[in-house]
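1. no sequence on hand, only this structure:
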């Protein structure tokens with residue numbers, strides 16, 4: 001389990017309230033632990049795992065391939081499409097785009113303050129020059 005928003009955590013601890021589904025997490029201490037997890041965009045995510053045998057926390061630091069293969073925000077998806085167009089003549093333009101992005105922007109294309117941004121035209125031109 002990765003960091004959850006407070007409203008989602010409350011649903012997991014209390015269920016739906018209308019009886020449609022029961023609580024997913026019955027241990028309040030686990031709920032507190034989940035509530036303390038943090039995430040820093042483009043850097044790491046803390047998480048919790050548990051099985052019948054053991055429980056524990058972890059810190060996940062994605063590789064560039066992890067990051068770009070899981071791109072889900074519109075700006076990230078647009079970036080993959082934009083770069084794949086630059087690699088349009090490659091045998092596998094999407095693979096080439098993900099590979100280039102993973103090597104050049106492993107934690108996303110970001111402003112200095114950490115927020116996501118679009119690729120600059122000069123950066124996109126570099127991708128065009130380095131077609132695989």
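-> Here it is on my side, so go on. Everything numeric here is computed off the predicted structure, so don't read it as measured data.

2. how much space between residue 116 and residue 109?
-> Distance, residue 116 to residue 109, by CB to CB, to the nearest Å: 7 Å. Backbone N, C-alpha and C define where each C-beta goes, glycine included.

3. likewise residue 75?
-> Computed as CB to CB, the residue 75 to residue 109 distance reads 8 Å.

4. now for these two: what residues contact both?
-> 116-118 (CB atoms under 8 Å, 6 or more residues apart in numbering).

5. keep only those of these that are in strands.
-> Judged by DSSP state E, the subset of those located in strands is empty.

6. which of those ranks first by neighbour count?
-> Neighbour count (other CB atoms under 10 Å) singles out residue 116 as the most crowded of the shared contacts of residue 75 and residue 109, with 15 neighbours.

7. surely that one meets residue 78?
-> No: Residue 116 lies out of contact with residue 78 (CB atoms under 8 Å); the separation is 10.3 Å.

8. next, count neighbours for residue 113.
-> Neighbourhood size, residue 113 [other CB under 10 Å]: 6.

9. and it, helix, strand or coil?
-> Here residue 113 is recorded as coil under DSSP: H, G, I helix; E, B strand; the rest coil.
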